[in-house]
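1. have a look; sequence and predicted model below, questions after that.
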Amino acid sequence: MSANHDGANLLEVRGLTKIFGTLTACDHIDLNIAKGEIHALLGENGAGKSTLVKMLFGSLEPNSGEIFWNGQAVRITSPGAAKKLGIGMVFQHFSLFEALTAAENIALSLDDGSPISSIAAKARALSYSYGLPLDPDSLVGDLSVGERQRIEIIRCLLQTPQLIIMDEPTSVLTPQEADKLFETLERLRAEGKSILYISHRLEEVKRICDRATVLRHGKVVGHCNPREETAASLARMMVGNEVQAVVRAPVEGIETAQPLLEIRGLSRKPATPFSIPLRNITLNVRAGEVIGIAGVAGNGQGEFFESVSGEVLQQDAASVRIRGKDAGGLTITGRRLLGAAFVPEERLGHGAAPRMKLSENLLLSRHATDGKVFVGTGGMVKSGAVYAASQRIIEAMDVRKSAPDPEAAALSGGNLQKFIVGRELDRRPSVMVVNQPTWGVDAGAAANIRQALIELSRSGSAVLVISQDLDELFEMSDAIAVMHNGELSKPMPIAEATFEKVGLLMGGAEPGHAEHTLETA
Amino acid sequence: MMRLELVKRPQRSALFSALSPFIAFALTIIAGAIMFALLGVNPLTAFRIYFIEPISQVWQLHELAIKAAPLILIAVGLSVCYKANIWNIGAEGQFVFGAIFGSAIPVLFPQFEGPLVLPLMLLLGMVGGAAYAAIPALLKTRFNTNEILTSLMLVYVAQLFLDWLVRGPWRDPQGHGFPQTIQFGDSSVLPELMPDAGRANWGFVFALVAAVLIWILMSRMLKGFEVRVLGSSPRAGRFAGFGLNRMVFFAFLLSGALAGLAGISEVSGAIGQLQPVISPGYGFTAIIVAFLGRLNPLGIIAAGLVLALTYLGGEAVQSALGISDKVARVFQGMLLFFVLGCDTLIHYRIRLIGLALTKQEGAAKLEATPKLKEAR
């Protein structure tokens, strides 16, 4: 099953360079991908992984350098050209229409005019042969994130690619779903297909990848066999220095600490046909603790976040209380003024306005809480003070950027996330609610964000973290609750929590009835 | 084979953002030359009469200011709406209602004279325009109606209402049956700026002041920031705590008030009474002005002067060459068409496919079949 290292290279990249203005995103990248290997592409955010992949998939044109496909020089001018060559890609963020069926979504991208029924039949056969069972006639809106990813993978496989590029494929999966995906990848490798696997999860890279290419600041800093490395040595190559392990000091006397965020019997009807109702959620987050909420994506986390943040108001004012005051009827501004801060899951278009500068995006969430500092008499914005504060945050969070005050959309995802989290931390909020704090953020930056959130709690704030990344929750949380189908389990103290217990709750088992549910399942 | 292809730019181009109105203007001139040639007129002569002669004397510049004032006033208000992604198309109706409200004082209380009259009229004009603009805002926030349709349809309601007023209850009893109100008294007339040099009145000053104030609002104030955030990413705006419904009212009331001010200024300044038609389509032309000025209030001043010239030029070619003054409408339409077309260049660049392939035949084995949805 091991890769054919001596065989001909399927893809060879020589000196590939891409320059954006003054920033060299990719600087003379060399990369070889052999037939039948799973090749990992590792690097921090902003290291140039996305830029490199976009050049390979034809979305960006390189400034210089060569690409050889089966030994022949090629120019990949468009995604269509990449597909013709035999390069397929599974994106990190899916592009599926929720109101259409899986087969219809596939048909849209194939674009060859074959009837839906034949596409559905092909998709069904392919999905079973690769151990990715999928009903092509089901509506995407009804499918879990893992199942949606299968559609993307099948859509890619239907074009019979030789090389499949996968961008952070496991970031949305449960541990069980990820295991299934790895089996599929190994089967594809056995068939002689090559996979370029982008991930920041070093353990899984060690588990399934044959070789790895590590990027840092747009340059290749090394090729290695991940199986011979440790997670720590891989991280060191990526970051350039040791990744600090997250430290979580035990909290004393948390039982008597005051709850700063109280949620009492919070319910919400579904707002759209594709959203989840919230059912009688109760949770207290006390001063000094971090509570984690685990759950498979799409089980009401987004709806819950909106309700707690005040983007959606509650009928019952007492269903959300912040620092002892009823906040259910307050807007997000009112809740912020009580001392709460929020970081939503989606960065572009929700946590930040894409076409606005970072300094303007600072004003976005803090125009009311820091009104005295940022807004002068008559509603004039003190742009000097805002700019200075944004530079302070950029400095504190080590945000990497190509201009002094760039547009939010010009930053890589991880760097923007550092800014958005830093923007709220800078206020020293007494209640912090974060949805997916390190989604798609590299190891070094993720550790910094997690550590900063823990330190915020230890300084006397209440921190609530919603995440699909179990490793992250176990690293940060003092207790973990699980959200499933709009219901929230009781928080489990971290000392009692295990992956297995949490995983069962994520799958929908009721606490205390776990065995019964397993039998009927 | 060769064809043009649009390729999305990674970032919006600042260069083309500034150049686009000029390219559009040049294209309008070219298309205009073809039109004049087809009408059997020497394009050079026509352009001289259209664009140069109307502004070759001082009194003519005053006429330009009179035409530009309502265009600028309305367009700066509309720019706030459009920045907020709210589509008020009904400024013409708000203009008419501003004129009606403001005229109520001189028409209904002709004996009321003094220095208070004019400020009160202007204030009432703004109230009238804002109140009329509140209707589509209310319909949008309450019933989720499309404001483009409702604000546009209300234009015709306003025009017919004015027509009925001047033929019916507000008709001048001594007017020999002409459909018009009494002439406004001296205290109800907007004074001229320099009576010796030309007819331009204080309306032009209002327009300049409004443009500067709106520029400060949009670029320096928290409210302007709110407008831009809600317009560019509504969900981030909601996260910021800005209310979309409040913004709909703010934008409609502000633009309605400015259109109303333009309406009463026009009636009390340039016309001096109410009559069935008080605007050659200022409210619609202002939409072109807003976009030609890049939705920037200072740019709108320049754009307002250019569009005012198209009105004067239309009148000039009609009297000098006997061409219909509808030529002005054609020029305005072409300008808007080309401006919107050229704006594509801000987000996309044009690539000549086919040329690139023949240049590099060796590497051109791949047939490029890109689609916009894939390039995203």
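-> Noted; the coordinates are in hand. Numbers count the residues shown, from 1 in each chain, chains lettered A, B, ... in the order given.
2. nearest to chain A: which residue in the stretch 151-300 of chain B?
-> Using Cβ to the nearest Cβ, the point where the stretch 151-300 of chain B gets nearest to chain A is B:Gly241, with a distance of 3.4 Å. From N, CA and C alone the C-beta is placed, and that goes for glycine too.
3. secondary structure class for A:Arg355?
-> Put simply, A:Arg355 is coil when judged by DSSP: H, G, I helix; E, B strand; the rest coil.
4. contacting residues for the residue of the stretch 151-300 of chain B closest to chain A?
-> The neighbours of B:Gly241, taking Cβ atoms under 8 Å, 6 or more residues apart in numbering or on different chains as the test, are A:Gly310, A:Thr331, A:Ile332, A:Thr333, A:Arg336, A:His367, A:Ala368.
5. over to A:Lys418?
-> Contacts of A:Lys418 were listed using Cβ under 8 Å, 6+ apart, and they are A:Met397, A:Asp398, A:Val399, A:Val441, A:Ala445, A:Asn448, A:Ile449.
6. what's the burial count for the third one?
-> It stands for A:Val399. When counting by other Cβ atoms under 10 Å in any protein chain shown, one arrives at 24 neighbours for A:Val399.
7. if we can go back for a sec, now the residue of the stretch 151-300 of chain B closest to chain A: closest residue in space that isn't a chain neighbour?
-> Residue nearest to B:Gly241 in three dimensions, not counting chain neighbours: A:Thr333, with 3.4 Å by Cβ to Cβ, 6 or more residues apart in numbering or on different chains.
8. give me the residues contacting the helix or strand hosting the one you found.
-> Taking DSSP states H and E as the criterion, the element that holds A:Thr333 is helix A:332-337. Contacts with helix A:332-337, where a contact means Cβ under 8 Å, 6+ apart, come from A:309-311, A:320, A:322, A:327, A:342, A:365, A:368-369, B:238-241.
9. so which of the residues you listed belong to helices?
-> For these, the ones inside helices are A:Ser309, A:Ser365, B:Arg238, B:Phe239, with DSSP state H as the criterion.
10. return the member of those nearest to B:Leu122.
-> B:Arg238 (36.2 Å; Cβ to Cβ).
11. now do the contacts for the closest residue to that closest one other than its chain neighbours.
-> In space, B:Arg238 comes closest to A:Glu311 once its chain neighbours are excluded; the distance is 5.4 Å by Cβ to Cβ, 6+ apart. Contacts for A:Glu311 were tallied using Cβ under 8 Å, 6+ apart; they are A:Ile332, B:Arg238, B:Phe239.
12. give me phi/psi at A:Glu311?
-> phi -70, psi -30 (degrees, to the nearest 10).
13. give me the pLDDT for it.
-> In this model, A:Glu311 is scored at 92, pLDDT.
14. please apply the same query to the one 10 residues further on.
-> A:Arg321 is assigned a predicted lDDT (pLDDT) of 95.
15. could you do the one 10 residues further on as well?
-> Note on A:Thr331: pLDDT of 94.
16. okay, the contacts of B:Gly241 in JSON lines with neighbour count next?
-> Listed next are the contacts of B:Gly241 as JSON lines, based on neighbours: other Cβ atoms under 10 Å in any protein chain shown:
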{"residue": "A:Gly310", "neighbour count": "26"}
{"residue": "A:Thr331", "neighbour count": "19"}
{"residue": "A:Ile332", "neighbour count": "23"}
{"residue": "A:Thr333", "neighbour count": "16"}
{"residue": "A:Arg336", "neighbour count": "27"}
{"residue": "A:His367", "neighbour count": "23"}
{"residue": "A:Ala368", "neighbour count": "17"}
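17. mind picking the two most distant members of the residues you listed?
-> Farthest-apart pair in the contacts of B:Gly241 is A:Gly310 and A:His367; separation 15.2 Å (Cβ to Cβ).
18. isn't B:Leu208 up against B:Ile301?
-> Yes. With contact taken as Cβ atoms under 8 Å, B:Leu208 and B:Ile301 are classed as touching, separated by 6.7 Å.
19. who touches both of those two?
-> Residues touching both B:Leu208 and B:Ile301 comprise B:Ile72, with contact defined as Cβ under 8 Å, 6+ apart.
20. looking at the two, which is more packed in?
-> B:Ile301 (22 against 18).
21. so the more buried one touches B:Ala210, yeah?
-> No. The criterion here is Cβ under 8 Å, and B:Ile301 misses it with B:Ala210 at 10.0 Å.
22. what is in contact with those two at once?
-> Taking Cβ under 8 Å, 6+ apart as the contact criterion, the common neighbours of B:Ile301 and B:Ala210 are B:Ile72.
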